[in-house]
Structures are given as structure tokens and as C-alpha cells.
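Q: Return a 3D structure for these sequence lines:
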Amino acid sequence: MILTSRTISLILQAFIFIFPFMIYFRQSSGEIHHTLQKFVLLSLISLLLWLLFLSRWIIHKRTIEEKMNSVGNALLLLVFLILFSTFLSVDQYTSIYGTKYRYEGAIALLSYLSLFIFSDHFLPEKRHGRIFIILGIGAFFSAIYGIIQHFSLSLFKVGSYYRAESFFDNPNFFSTYLVIMILLVSTLYLYGQKLRYLLVWYFIHLTLFLALIYTMTRSGWLGIIVGFSFMTIFIVTKRKYLWKRWGLLLLSLVAIFIVVNLNNENSYFNRVNTIVKEAMVMINIEESETRDSVGSGRWYIWRNALPLLDDHILLGSGPDTFGLVFPQTDGTQMFDKAHNEYLQMAITLGIPALLVYLFILVKILLMGYKKAQKLEGQNQIIQFGLLAIIIAYLTQAFFNISVIPVAPFFWILLGILYRRSRA
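A: All right, here's what the predicted structure looks like:
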């Protein structure tokens with residue numbers, strides 16, 4: 001193996017472990033900042049990876065030895081659409097660097113795509129197990145801190161945390177991270193064969209699930225339900241030896257939810273119940289006046305955001321400029337994201353960019369599923385586990401947004417799925 005290739009692999013492995021814990025604590029004000037430091041690290045790592053790749057090409061005259069396929073062509077097209085959207089943006093500076101506290105401009109978006117490319121080409125299949133373990137251990141520490149926050153024992157920020165956010169700036173973002181990591185740990189739990197490893201992943205799984213409960217994020221809960229259902233159908237039901245193992249885990253999770261709910265005056269069950277109630281509000285025409293409050297105000301945002309497509313249908317308003325084009329109200333609340341990843345992309349990057357993005361996702365998912373059907377044993381469990389992660393993320397993304405603290409994990413795992421599907 002060429003030294004540069006191994007170096008790139010090691011950098012990616014170090015990145016995925018360090019990244020969640022990149023925070024800045026301002027002691028004078030007691031504030032903690034999660035995103036800026038992650039944006040800087042993400043940008044520097046992406047730049048470093050491309051410099052290493054360039055040196056690989058110069059020294060060894062080696063490139064990515066692969067003919068461009070449909071996903072590669074779509075990826076290149078998406079890069080050009082991002083660049084054109086940035087060039088014609090309503091605010092070029094914002095589109096390059098992103099808004100304050102979000103920083104999801106062109107630099108971040110291109111960094112995501114870079115992580116996908118390097119994960120696909122420089123993380124060999126034999127390293128994937130180590131990657132999954134690193135991610136699982138990092139998630140465990142993040143979950144522990146989120147649980148500590150819930151009990152107002154934060155080490156960095158003064159005040160009470162009713163909803164856990166850990167190192168992710170917001171409970172919704174933390175829940176998205178946990179959706180990815182819970183399903184990853186579920187895969188390791190189903191994949192494992194030795195008892196001591198099963199116990200470790202079982203304990204980590206319960207910890208992550210408890211942290212997810214404490215986020216009180218309904219989109220995350222919905223994502224987990226979809227992911228668990230997928231894994232049950234495609235992994236567990238076909239393997240009788242996993243029934244008891246999976247049943248024990250699910251019963252344990254239900255027990256944790258019941259205990260936590262009873263200790264908090266039924267507040268978590270009531271939170272779940274609002275999903276049904278708000279769905280009924282959407283169906284009932286007579287209650288249309290209350291629809292704007294559905295989804296913590298998401299319906300109001302979506303309803304007022306859709307007309308923006310008329311003026312920004314081709315190239316969008318520019319990366320991360322949603323807050324600049326969305327009709328703000330009295331200034332007391334700034335709506336800087338669409339709270340729907342697909343609508344956000346349509347408005348800021350344009351409909352063509354959204355269609356290209358969806359094409360890449362659908363293509364990889366179909367490739368992954370077809371490959372899984374051909375595999376057997378442990379490799380098939382991993383393949384279906386990765387599919388469950390991507391599908392669950394895309395489910396919760398309908399009610400949530402892409403953010404720097406979480407998106408890199410999604411793109412890295414998507415790259416890993418793509419590599420395994422092509423092997």
C-alpha cells in the first residue's frame with residue numbers, strides 16, 4: 001500500500017474520533033461553542049486530504065483509478081451546482097463561509113463531498129470494523145455527557161439542560177447524531193459473536209438510547225423506529241439465533257423508556273403522543289388555523305418557504321442563505337433554516353441540485369440493497385446495518401437540518417456503504 005493512502009486512512013480515523021469533542025469554552029461568560037471549531041477542523045482536514053492526494057499523484061503518479069460512473073458524474077455535477085449557486089448568491093460571503101453559528105456554506109458542503117470521496121477510496125473494507133468501533137466509543141462518551149447535562153451537572157455551561165444536547169449545540173442535532181450511532185451500535189451488537197463484546201455493545205446501546213430519550217426530539221425517535229424496523233425485517237427475521245438477542249435489547253429499551261417516563265410525570269409519553277395529535281391537526285381542515293404550530297412551528301416555516309422556489313428554482317439563493325430570503329416576522333425569532341433538509345437544499349441550491357443529491361442517495365441505496373442480497377453471514381449484517389443508518393437519517397432529515405457537527409458522519413458512512421456496494 002502506498003504510504004500516502006495509509007496516511008489518508010489514518011487521518012480519517014483520527015478525525016471521526018476527535019471531531020465530536022471539538023468545542024470551545026468561554027470561561028468568562030460560561031458559554032460553550034460547538035460548531036465553529038468543528039467547521040475549522042472539517043475545513044482543514046478536507047484541505048489536508050486533498051493536499052495528500054495531490055502529493056500522491058505527483059510522487060507516485062497515482063490517481064483514483066476508476067472510470068467515472070453515474071454516481072461520480074452526479075457528484076461532479078453537484079460540485080458545479082454548488083459553485084454556481086455560490087457565485088450567483090444573494091450574499092456571496094455568506095454562501096462561502098455560511099451564517100454565524102451554522103457555517104454551512106460552500107466550504108462545508110464541499111468538505112462533506114470530500115469526506116464521501118476519501119471514505120470511498122481510502123478506507124479499505126478491512127478497516128471498516130475499526131471505524132465502527134471508533135465511532136461507537138466516541139458516541140458512548142458523547143451520550144454520557146448528554147445524560148449528565150440532563151441532570152444539570154454540565155461541566156462547561158452554567159444552567160439547566162432539560163433536553164440533552166451534549167457537544168452538538170442543540171438537542172435536535174444531538175438526536176440526529178444518536179440515530180446514526182445507535183443503529184451503528186445495533187449493527188455491531190447483531191454482528192458480534194463473543195459474549196464479552198455483546199455485553200459491551202449492549203451496555204453502550206442502552207446508554208445511547210437513554211441519551212436519545214433525554215433529547216426529547218421526535219424526529220430522532222421516528223428515525224430510530226424506521227431504522228429498527230428495517231433491521232428487524234432484513235436482518236433479524238432471517239436469523240433465528242438473533243431473535244433472543246434482539247428481543248432482549250428491544251425489551252430493555254422499552255423498559256428504560258417506561259421508567260424514565262414514569263419518573264418524569266408521563267412527559268415523554270405525552271411528547272410521543274403529540275406526533276399523533278399534530279398529524280390529526282394536519283388532516284382536520286376545521287383546525288387549519290392551528291397548523292402553523294405543528295412540528296414546533298415547522299409547518300409555518302414550510303408554508304412560507306415554498307413560495308421562495310419561484311425565484312430560486314434553478315440555482316437557489318446560495319448556500320446557507322435561507323435566513324436572508326425567508327420572510328422574517330417581527331425580528332424576535334430568526335428562521336435561518338427550513339427545518340427540512342430537502343426543502344433547505346431546494347431553496348438555497350436549487351431544484352436541480354436537490355434532484356442530483358436525491359439521485360446519488362437512491363443510486364447508492366439501490367446498489368447497497370442489491371449487494372446485500374448477494375452477501376451472506378456477517379457481511380450481509382453489516383451491509384443491511386449501513387442501509388438502516390442511511391434510511392433512518394434520511395427519514396429524520398424530513399423534519400431536521402444538516403449541520404456541521406453531524407453531517408460528516410453521515411457522508412463518511414455513505415462513502416463506506418458505496419465502497420462496500422461496489423466491491
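
Q: CA only for contacts and neighbour counts going forward, please
A: Will do.

Q: quick one: low-confidence ranges for the stretch 201-350 of the chain?
A: Across the stretch 201-350 of the chain, the ranges flagged by pLDDT under 70 are 275-296, 329-333.

Q: mind running it again at 80?
A: 272, 274-299, 328-334 (pLDDT under 80).

Q: where's K244 relative to F257, distance?
A: 20 Å (CA to CA, to the nearest Å).

Q: Report whether the expected contact of N400 with L343 is present.
A: No. Between N400 and L343 there is no contact under CA atoms under 8 Å: 10.4 Å.

Q: returning to what we had before: so for K244 and F257, which sits in the more crowded spot?
A: F257 (18 against 11; other CA atoms under 10 Å).

Q: Could you check whichever helix or strand that one is part of and say which residues are buried?
A: Assigned by DSSP states H and E, F257 belongs to helix 243-263. Across helix 243-263, burial judged by 16 or more other CA atoms under 10 Å covers W243, W246, L249, L253, I256, F257, V260, N261.

Q: how about the residue nearest to the last one when sequence neighbours are not counted, what does it touch?
A: Spatial nearest neighbour of N261, chain neighbours left out: Y268 (5.3 Å); criterion: CA to CA, 6 or more residues apart in numbering. By CA atoms under 8 Å, 6 or more residues apart in numbering, Y268 lies in contact with I213, M216, V260, N261.

Q: My read is that the last one contacts S267, right?
A: Yes. Here N261 lies in contact with S267, judged by CA under 8 Å, at a distance of 6.2 Å.

Q: nearest to G192, of the contacts of Y268?
A: I213 (25.4 Å; CA to CA).

Q: Show me the contact partners of whichever strand or helix holds the closest one.
A: I213 is part of helix 195-215, with elements assigned from DSSP H and E. With contact meaning CA under 8 Å, 6+ apart, helix 195-215 is reached by 136, 139-140, 143-144, 146-147, 150, 162-165, 171-172, 174-175, 178-179, 181-182, 185-186, 188-189, 192, 220-221, 249, 252-253, 256-257, 268.

Q: Check stretch 307-318 too.
A: Here stretch 307-318 makes contact (CA under 8 Å, 6+ apart) with 81-82, 84-92, 95, 325-326, 346-353.

Q: Name the residues contacting each of N261 and S267.
A: Contacts common to N261 and S267, judged by CA under 8 Å, 6+ apart, are absent.

Q: what separates W246 from L208, distance-wise?
A: From W246 to L208 the distance is 16 Å (CA to CA).

Q: make that M181, sorry
A: 8 Å.

Q: so what sits against both of the two?
A: By CA under 8 Å, 6+ apart, M181 and L208 have these common neighbours: A139.

Q: Which strands or helices does the helix or strand hosting T4 pack on?
A: If you go by DSSP H and E, T4 is part of helix 3-18. Under the contact definition 3 or more CA pairs under 8 Å, 6 or more residues apart in numbering; DSSP states H and E, helix 3-18 sits against helix 35-60, helix 106-122, helix 125-150.

Q: angle of the shortest one against helix 35-60?
A: Orientation note: helix 106-122 sits at an angle of 50 degrees relative to helix 35-60 (axes from the mean of the first three to the mean of the last three CA atoms, to 10 degrees).

Q: residues making contact with helix 106-122?
A: 5-6, 8-9, 12, 39, 42-43, 46, 49, 64, 75, 79, 82-83, 86, 95-98, 319, 404, 407-408, 411-416, 418-419.

Q: Just the buried ones out of those residues, please.
A: Listed as buried from the contacts of helix 106-122 are 5, 8-9, 12, 39, 42-43, 46, 49, 75, 79, 82-83, 86, 95-98, 319, 404, 407-408, 411-416, 418-419; burial here means 16+ other CA under 10 Å.

Q: picking that back up, now that we have the contacts of stretch 307-318, which of them are buried?
A: 81-82, 85-87, 89-92, 95, 325-326, 346-353.

Q: circling back: quick one: distance of the helix holding T4 to the chain centre.
A: 20 Å (CA atoms, centre = their mean, to the nearest Å).

Q: what do you get for stretch 356-376?
A: Put simply, stretch 356-376 sits 18 Å off its chain's centre (CA atoms, centre = their mean).

Q: okay, that stretch in PDB with CA atoms only?
A: Below are the C-alpha coordinates for stretch 356-376, written out as PDB (Å, rounded to 0.1, in the frame of the first residue of the first chain):
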ATOM      1  CA  VAL A 356     -28.800  15.300  -8.200                       C
ATOM      2  CA  TYR A 357     -28.500  14.800  -4.400                       C
ATOM      3  CA  LEU A 358     -31.500  12.500  -4.400                       C
ATOM      4  CA  PHE A 359     -30.200  10.600  -7.400                       C
ATOM      5  CA  ILE A 360     -26.900   9.900  -5.600                       C
ATOM      6  CA  LEU A 361     -28.700   8.700  -2.500                       C
ATOM      7  CA  VAL A 362     -31.200   6.500  -4.400                       C
ATOM      8  CA  LYS A 363     -28.500   5.100  -6.600                       C
ATOM      9  CA  ILE A 364     -26.300   4.100  -3.600                       C
ATOM     10  CA  LEU A 365     -29.200   2.700  -1.600                       C
ATOM     11  CA  LEU A 366     -30.300   0.500  -4.600                       C
ATOM     12  CA  MET A 367     -26.700  -0.600  -5.100                       C
ATOM     13  CA  GLY A 368     -26.400  -1.300  -1.400                       C
ATOM     14  CA  TYR A 369     -29.600  -3.400  -1.300                       C
ATOM     15  CA  LYS A 370     -28.700  -5.400  -4.400                       C
ATOM     16  CA  LYS A 371     -25.200  -6.100  -2.900                       C
ATOM     17  CA  ALA A 372     -26.800  -7.100   0.400                       C
ATOM     18  CA  GLN A 373     -29.000  -9.600  -1.300                       C
ATOM     19  CA  LYS A 374     -25.900 -11.300  -2.700                       C
ATOM     20  CA  LEU A 375     -24.000 -11.400   0.500                       C
ATOM     21  CA  GLU A 376     -24.200 -13.900   3.300                       C
END
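
Q: before we move on, the earlier item: the helix holding I213 to helix 125-150, inter-axis angle?
A: Orientation check (the same axes, to 10 degrees): helix 195-215 against helix 125-150 gives 50 degrees.

Q: which element follows helix 195-215 toward the C-terminus?
A: helix 218-231.

Q: ok, now how distant is H339 from W302?
A: H339 is 8 Å from W302, by CA to CA.
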